[in-house]
Structures are given as C-alpha cells and as structure tokens.
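A.B. asks: All I have is the shape, not the residue letters:
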C-alpha cells in the first residue's frame, strides 16, 4: 500500500516545503509547520551529524529534483544545457527550471501544485500565445501570454485555488483571472533562499 504521506516525508527529508500537495502545504496539516524540518525516522532526531561536501551536493540536487518533479535524466540534461549556454551556469540552470511551462502555470497561481499544472498542460488546457501547448517542459519566453481554458477553470481543485488572495507571485509574472503574462525572465533571486543551484552544478561536474 502506498503511504499517503509519502510526499510529506519528502519535504521532511529535504528539511523544507517542496509544495507537493497543493492546499495542504498552506494549511495547519503541513508536517513542516507541525514538526519542524526534522527528517523522517529515528535518525532524523539525531543531532551533530555533519554532511560531507558530496552529501551537501547530493541533498541540494535531490531537493531541486523533487521540487520540480523531475527525473534524474531530466535534471542532468538541464545541467548540460546550462553549461552550454555560456555565462553563469548556476543562473542558467535556475532560468531553465523556472521557465518550464508547468512551473510557470503553478507559479502564476493557475494550479495548486506543479503536478496538477503538469496534468493541465498535458491534457491540453493551457494555451501559450493562443496556441495549445501540451508539453510540460516547454520553455516560456519574455512577453508570452498564458491562458487556462474555461473548462479547466471549472475543475473544483483549480477553481478553489484561483480565488486565493494570499499567494505570493514572483515579480516576473502577472495574472488576471485565467490569463498570465511573463513580464521578465526568472532569475536566481526568485528561488527559495535555502536552494542553491551551484550545488547541482558541482554535483554533476564531479
């Protein structure tokens, strides 16, 4: 039987909110708020354990992979792309991950989680510049206009989420109703403060 709290355990393992369960992550039921950032299992209560450089890089990589719901191969491909782009590879990696269409749909407040956003994209509920896009990894550009279909706006899970007023939207996005616009390209400052893209670059550069 699948543990219904598996996603919550992932957040506790990475000692931060990964926002994998939609509204639950913003409620009093969130284990991170109730128990603090204590890893699951008896070992999580032990103190004085210090990670090696490799361990820090691994945890940094795993945290980001789970945050975006990516596979190992997908994240590694983004690493190679970030290197090939030239300039600061760490900043490039943040841009590549944040500019994914499923992430933008989530970050714009059009879906309660990245998983739901990915399903909406995959099922053809999202248009970019009036063209239906069904590829979650599609990379948005500055000036792009995203629109959620009226049909998806009636889905209870999405409908309830759209009316929330306390959501933090990144400065590079704006939204009105079911329509969102990409005002600028995402940057490293738009990442959670406890995320470090340099750790991923170091991990795959070994």
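C.D. replies: Nice, I can see it. Keep in mind the model is a prediction, meaning the values are calculated, not measured.
A.B. asks: list the contacts for the residue nearest the centre of the chain?
C.D. replies: Nearest to the mean C-alpha position of the chain, by C-alpha atoms, centre = their mean, lies residue 68 at 3.8 Å. For residue 68, the contact set (C-beta atoms under 8 Å, 6 or more residues apart in numbering) comprises 75, 97, 100, 103, 114. Just so you know, the C-beta spots here come from the backbone N, C-alpha and C atoms, and that holds for glycine as well.
A.B. asks: Looks like the third one contacts residue 133 (just checking).
C.D. replies: No - using C-beta atoms under 8 Å, residue 100 and residue 133 do not qualify as a contacting pair, with a distance of 11.4 Å.
A.B. asks: Look at these two and report which has more neighbours.
C.D. replies: Using other C-beta atoms under 10 Å as the criterion, residue 100 and residue 133 rank with residue 100 on top: 27 against 16.
A.B. asks: excluding its backbone neighbours, what's nearest that one?
C.D. replies: residue 137 (5.5 Å; C-beta to C-beta, 6 or more residues apart in numbering).
A.B. asks: so the one you found touches residue 101, yeah?
C.D. replies: Yes - the pair residue 137 / residue 101 is scored as a contact, 7.1 Å apart, by C-beta under 8 Å.
A.B. asks: Which one of the two is surrounded by more residues?
C.D. replies: Neighbours per residue (other C-beta under 10 Å) separate residue 137 from residue 101, with residue 101 holding more: 23 against 16.
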